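A.B. asks: Sequence and predicted structure are below.
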Amino acid sequence: MINQTDLKYFIELASSQHVSKAAERLGVSQPALSHCMKRIESEVGLSLFLRSKKGVTLTAAGQRLYESAQTLLQNWQNVVIAAKSEMQEISGVIRLGCHTAVAQYTLPHFLPSFLNKHPSITFRLQHGLSRHINEAIISGQLDAGLVVNPTPHPDLVIKEILKDRVSFWQAERNSNPDVLIYDPSLLQSQSLLKKLSLKKIHFKRKIESSSLEVIAQLVVAGGGCGLLPERVMQAFATSPVSTIANAPSFQDRICLVFKPEFRKTKKGQAFIESVRF
């Protein structure tokens, strides 16, 4: 396969039109340069040079390759420059994932000041369940994530930033104490419902919702008891709320998760340092 060095050799020979001159400028032997050109011609399947005692000239196919090779080499150099810039400068895009509820009580604490301090950084936010965010970081679709109870993985760095408590909450004036509002897709829900049953606590009616924000708002409005993280509940509480009597709870770890490669970039270092509570 033709590589970057092959293109450099080809461009130099096409420009100088003389093997000895091109070899001298490139710092290689004439046989090595000639062998490289024959290998390129063999791979392309076409003659690229017309050879004579005076030197070499390009064939029509060689001229076409010469024009394209210069563009390819310049594009490659641009990619290298961009990659080095990514490593050495605090600039570019950070792909960050987190659950929408987690985003609401975490991002406002550090993102505005980070953006103000680093005007060359932008973010692409992706929201979803924590386990899906975790998978997206492993697969390289995201640079980092704020993940609840992340699953350990050899390719991930997991840095705990907060703790939270998931339990059963109700407003001081709850007009529907027999109603439970919860998200059945959350792993914490399954664990806590089993513990609730062991305590002989039962709800006559259940409302399922995939939005923790909606659950919190319904709790505040007296719509029932909500199975929620405390930080989410407090973020929406406009009046006193408390856990129901003898309610079991589940302790959450909110962690900053990323691959080691992200920390090697300047933007990654700056971002990781900024996530403090």
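C.D. replies: Noted; the coordinates are in hand.

A.B. asks: For the rest of this, base every contact and every neighbour count on C-alpha atoms.
C.D. replies: Noted.

A.B. asks: Burial check on Asn116, number of neighbours?
C.D. replies: Around Asn116 sit 10 other residues, with neighbours defined as other CA atoms under 10 Å.

A.B. asks: Just want the phi and psi numbers for it.
C.D. replies: phi -70, psi -40 (degrees, to the nearest 10).

A.B. asks: Against Ser20, how distant is it?
C.D. replies: 57 Å (CA to CA, to the nearest Å).

A.B. asks: and what of Arg253?
C.D. replies: Arg253 is 67 Å from Ser20, by CA to CA.

A.B. asks: in stretch 48-55, what counts as buried?
C.D. replies: Using 16 or more other CA atoms under 10 Å as the test for burial, stretch 48-55 gives 48-49.

A.B. asks: Now do the strands in the stretch 151-277 of the chain.
C.D. replies: 157-171, 179-182, 205-208, 225-229, 241-243, 250-258 (DSSP state E, counting those that start in this stretch).

A.B. asks: what ranges of the protein fall below the confidence cut-off?
C.D. replies: The chain contains residues with pLDDT under 70 at 77-89.

A.B. asks: Surely Gly128 and Val102 touch.
C.D. replies: No. Using CA atoms under 8 Å, Gly128 is not in contact with Val102, being 10.1 Å away.

A.B. asks: of those two, who's got more company?
C.D. replies: Ranked by neighbour count (other CA under 10 Å), Gly128 and Val102 place Val102 first, with 20 against 14.

A.B. asks: The more buried one touches Leu146, doesn't it?
C.D. replies: Yes. The criterion here is CA under 8 Å, and Val102 meets it with Leu146 at 7.5 Å.

A.B. asks: Pull the number of nearby residues for Asn149.
C.D. replies: 19.

A.B. asks: got the phi/psi numbers for it?
C.D. replies: Torsion angles, degrees, to the nearest 10, at Asn149: phi 50, psi 60.

A.B. asks: Could you check how far it is from Ile90?
C.D. replies: Distance from Asn149 to Ile90, by CA to CA: 29 Å.

A.B. asks: Check Ala171 too.
C.D. replies: Note on Ala171: its distance to Ile90, by CA to CA, is 45 Å.

A.B. asks: Quick check on these two: which one has the bigger neighbour count.
C.D. replies: Between Ala171 and Ile90, Ala171 has the larger neighbour count (other CA under 10 Å), namely 25 against 19.

A.B. asks: what sits against Gly145?
C.D. replies: 96-98, 133-134, 137, 255-258 (CA atoms under 8 Å, 6 or more residues apart in numbering).
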